[in-house]
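# Below: sequence and its predicted model.
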Amino acid sequence: MDQRDMGADLESVLVSEEQIRTRLGELAAQIDADYAGRDLLLVGVLKGAVMVMADLARALHAPAEMDWMAVSSYGSGTKSSGVVRILKDLDKDIGGRHVLVVEDIIDSGLTLSWLLANLGSRGPASLEVATLLRKPEAAKVEIDVRYVGFEIPNEFVVGYGLDYAERYRNLPFVGTLAPHVYSS
Ligand SMILES: O=P(O)(O)OC[C@H]1O[C@H](OP(=O)(O)OP(=O)(O)O)[C@H](O)[C@@H]1O
Ligand code: HPA
Ligand SMILES: [Mg+2]
């Protein structure tokens with residue numbers, strides 16, 4: 001399936017490639033300023049955050065280490081199960097480190113609130129979050145998020161790392177799916 005084939009499954013483009021690039025540049029500048037003189041460790045949350053991590057990290061001027069955690073709460077559906085499983089833990093200890101969690105989306109917030117409690121218990125020097133997308137209307141828990149790319153409506157979105165049943169992650173933009181995709 002190439003991108004033209006995926007195009008038939010899409011209803012609309014919500015955030016374009018250009019908008020993503022511009023906004024990640026702005027967030028990177030803020031992060032550079034905030035972490036000046038501090039040793040930054042970016043923690044990407046697999047799999048959804050791969051694109052954000054790759055592009056945000058390259059937009060930073062400051063040196064940053066990267067580590068990855070894989071967690072899953074959505075399975076193959078469009079609703080969070082609320083049960084978060086660690087599929088892969090960090091490679092290194094984060095005790096005393098300045099940790100910035102990098103996410104693609106905060107939807108119900110259940111994944112992130114679980115993750116922040118988990119990472120917080122490991123004794124980092126600081127713990128903040130950068131996310132490309134947030135759905136304010138979908139929040140089931142309130143989380144203090146320092147860097148937010150875009151606030152979006154409460155609709156299921158795909159692309160730029162985000163999947164529906166593991167598909168559409170490689171779209172270069174964020175879009176909504178046509179109803180026939182869910183029902184087929
Ligand atoms: O705020 P929430 O409602 O918890 O949803 C957000 C989380 O759900 C997605 O991950 P998912 O569990 O689908 O795994 P994936 O990144 O591998 O797609 C997304 O990447 C976030 O991590
Ligand atoms: O809207 C979404 N799309 C894809 N994956 C997700 N995980 C949480 N919310 C979403
Ligand atoms: Mg997913």
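Nice, I can see it. Ligands and ions are numbered 1, 2, ... in the order given.
# Provide the secondary structure category for Met6.
Counting by DSSP: H, G, I helix; E, B strand; the rest coil, the backbone at Met6 sits in helix.
# what does His180 give?
Here His180 is helix, with the state taken from three-state DSSP.
# Strands of the protein, residue ranges please.
For the chain, strands defined by DSSP state E occupy the ranges 10-15, 40-46, 64-72, 85-88, 98-106, 126-134, 147-151, 157-158, 174-177.
# Quick check: Ala59 vs Ile31, distance?
Per Cβ to Cβ, to the nearest Å, Ala59 is found 9 Å from Ile31. Every C-beta, even on glycine, is put in place using the N, C-alpha and C of the backbone.
# hang on, I meant Ile86
With distances taken as Cβ to Cβ, Ile86 is found 26 Å from Ile31.
# And those two? Which one has more around it.
Neighbour count, other Cβ atoms under 10 Å: between Ile86 and Ile31, Ile31 has more, with 23 against 13.
# Which pLDDT value goes with the more buried one?
Looking at Ile31, its pLDDT is 98.
# Hmm, Val129 and it touching each other?
No: counting by Cβ atoms under 8 Å, Ile31 does not reach Val129; the two are 11.3 Å apart.
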